[in-house]
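Participant: Quick one, fold the following:
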Amino acid sequence: VTKDGRAAIASTSGNEDGHIILRGGKQPNYDRESVAAAMAASIEAKLDPRIMIDASHANSRKNPENQPAVLQDVAQQLADGNHAIIGSMVESNIVGGRQDLIPGKQLVYGQSVTDGCIDWPTTVETLDTLASGVKARRATNKAKA
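Facilitator: Predicted coordinates:
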């Protein structure tokens, strides 16, 4: 739709800066085999494999307490040298879990009203784990150079 609200046809040759987000589906897809399949599909489409992994949603089986295990696996893939993984998505807040919006009920400050989240201390631990994976990947790069 144009700025004037009229129907329009647009075409593009694509976006070479795009990436795939693995969020899970009927089953989680953050594991090494799923990442390898996404990499292969990217290469087959003549695109650089760039993969972001969502630690929440179906990859955590909608349980925020599972996010650290997902990210531990991702960190290990990074440490093992996977260069296609470019980032991760984490559901995080000051207070873990989630809360419902109930008229007249005071909300807990810092707790999600949408998706369940990990709390801040767990977030920090998880980010440290990912950072360790990145450091190991960088060390591997330097050793190969």
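Participant: Output the contacting helices and strands for the helix or strand of the chain with the lowest mean pLDDT.
Facilitator: Ranked by mean pLDDT, DSSP states H and E, the weakest helix or strand in the chain is helix 120-144, scoring a mean of 94. Judged by 3 or more CB pairs under 8 Å, 6 or more residues apart in numbering; DSSP states H and E, helix 120-144 is in contact with helix 67-79. Where C-beta positions appear, they are placed from N, C-alpha and C, glycine not excepted.
Participant: May I see the buried residues of the helix it packs on?
Facilitator: Residues Q67, P68, V70, L71, D73, V74, A75, Q77, L78, A79 are the ones in helix 67-79 that count as buried (16 or more other CB atoms under 10 Å).
Participant: Need the contact partners of that helix.
Facilitator: Applying CB atoms under 8 Å, 6 or more residues apart in numbering, the contact partners of helix 67-79 are 28, 30-32, 35, 53, 55-56, 59-60, 85, 88, 90-91, 118, 122, 125-126, 129-130, 132-134, 136-137, 140.
Participant: Taking helix 120-144 as reference, get the angle to that helix.
Facilitator: Calculated by axes from the mean of the first three to the mean of the last three CA atoms, to 10 degrees, helix 67-79 forms an angle of 10 degrees with helix 120-144.
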